[in-house]
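**Q** One predicted model, sequence on top.
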Amino acid sequence: MKPRMDFTGQRLGLFKLPPVPITELTGNELGEGLSRRELALAADAKLRELQRGAGLSNNDTGWLLQINRKGRNKMGDNADLSAAESKAIANIETLVRYAVLAETHPDVEHHNPQVSEVHRLYVPLGIAGVLYRVKLTAKTFVPELGKGKVLHALAAVEIENAPLGTLPAHETPKTPKPQAQPTTERTLSIADLLAGATLSNNSPFSII
């Protein structure tokens, strides 16, 4: 049974949720030795491909997050993004799958009448052994007139802070693991994942 998602502000029981799988990347999934511009273009190409699909599933909420044109423009060929953020797009499917919803609030920034809610989800990401916190922003759109379907769209994927740390070394398996997949033994607690993170009003998350 899926937890209730009709809340505003910090999610109740957030810090009681189980640890979150870490998605691990080598950093070369989009290509080796790419410039910042080349990484952005490669990420954009990946998003264009996903934009034509049915959406990306999120285990925590049960939502299917669509990638629309505005979301692709923000997450893809965008000069404001870091190289690490572009590299993260290489396996955006897994990041979305394991991201945990932490906060929901109205669209206080843009006041878009078509957006009923804005959501912040978090997931850990390792790139070449360095651990990051990734914040995903999703939006719930009001159903179009005469249509009852609620649309959830992925609006942004951001690495919002300095690296959280270095992933511990582990033995190399006899058979290579698929690239860009979370490993069963590597997880991060909600407390560690959200250390230093803030709500949309800039106040810290409450551990209570």
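**A** Received the coordinates, thanks.

**Q** For the rest of this, base every contact and every neighbour count on C-alpha atoms.
**A** OK.

**Q** Would you mind listing where this structure has pLDDT under the threshold?
**A** Within the chain, the segments meeting pLDDT under 70 span 1-5, 108-112, 143-150, 161-162, 168-185, 208.

**Q** so where do the strands sit in it?
**A** Using DSSP state E, the strands of the chain run over 9-10, 20-21, 23-25, 56-57, 64-66, 100-105, 115-127, 130-141, 151-159, 165-166, 187-188.

**Q** so what's the spatially most central residue of the chain up against?
**A** Geometric centre of the chain, nearest residue: Leu136, 3.6 Å, by C-alpha atoms, centre = their mean. By C-alpha atoms under 8 Å, 6 or more residues apart in numbering, Leu136 lies in contact with Val96, Ala99, Arg120, Leu121, Tyr122, Leu154, Ala155, Ala156, Val157, Glu158.

**Q** same thing but at 10 Å, please
**A** 95-96, 99-101, 119-123, 154-160 (C-alpha atoms under 10 Å, 6 or more residues apart in numbering).

**Q** Bridging across strands, which residues link to it?
**A** Leu121, Val157 (DSSP bridges).

**Q** Can you say which of the strands of the chain is nearest to Met75?
**A** Nearest of the strands of the chain to Met75, taken as C-alpha to C-alpha: strand 151-159 at 5.8 Å.

**Q** could you give the angle of the closest one to strand 130-141?
**A** 150 degrees (axes from the mean of the first three to the mean of the last three C-alpha atoms, to 10 degrees).

**Q** Tell me the buried residues in strand 151-159?
**A** By neighbour count with 16 or more other C-alpha atoms under 10 Å, strand 151-159 contains the buried residues Leu151, His152, Ala153, Leu154, Ala155, Ala156, Val157, Glu158, Ile159.

**Q** could I get these as a markdown table with distance to Arg69?
**A** Compiled in a markdown table, these are given as follows (distance: C-alpha to C-alpha, whole Å):
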| residue | distance to Arg69 |
| --- | --- |
| Leu151 | 14 |
| His152 | 14 |
| Ala153 | 10 |
| Leu154 | 10 |
| Ala155 | 9 |
| Ala156 | 12 |
| Val157 | 14 |
| Glu158 | 17 |
| Ile159 | 21 |
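
**Q** Just give me the closest of the residues you listed to Leu12.
**A** His152 (21.0 Å).

**Q** got the contact list for the closest residue to the closest one other than its chain neighbours?
**A** Nearest residue to His152 in three dimensions, chain neighbours excluded: Thr140, at 4.6 Å (C-alpha to C-alpha, 6 or more residues apart in numbering). By C-alpha under 10 Å, 6+ apart, the contact list for Thr140 reads 65, 106-107, 114-119, 150-154.
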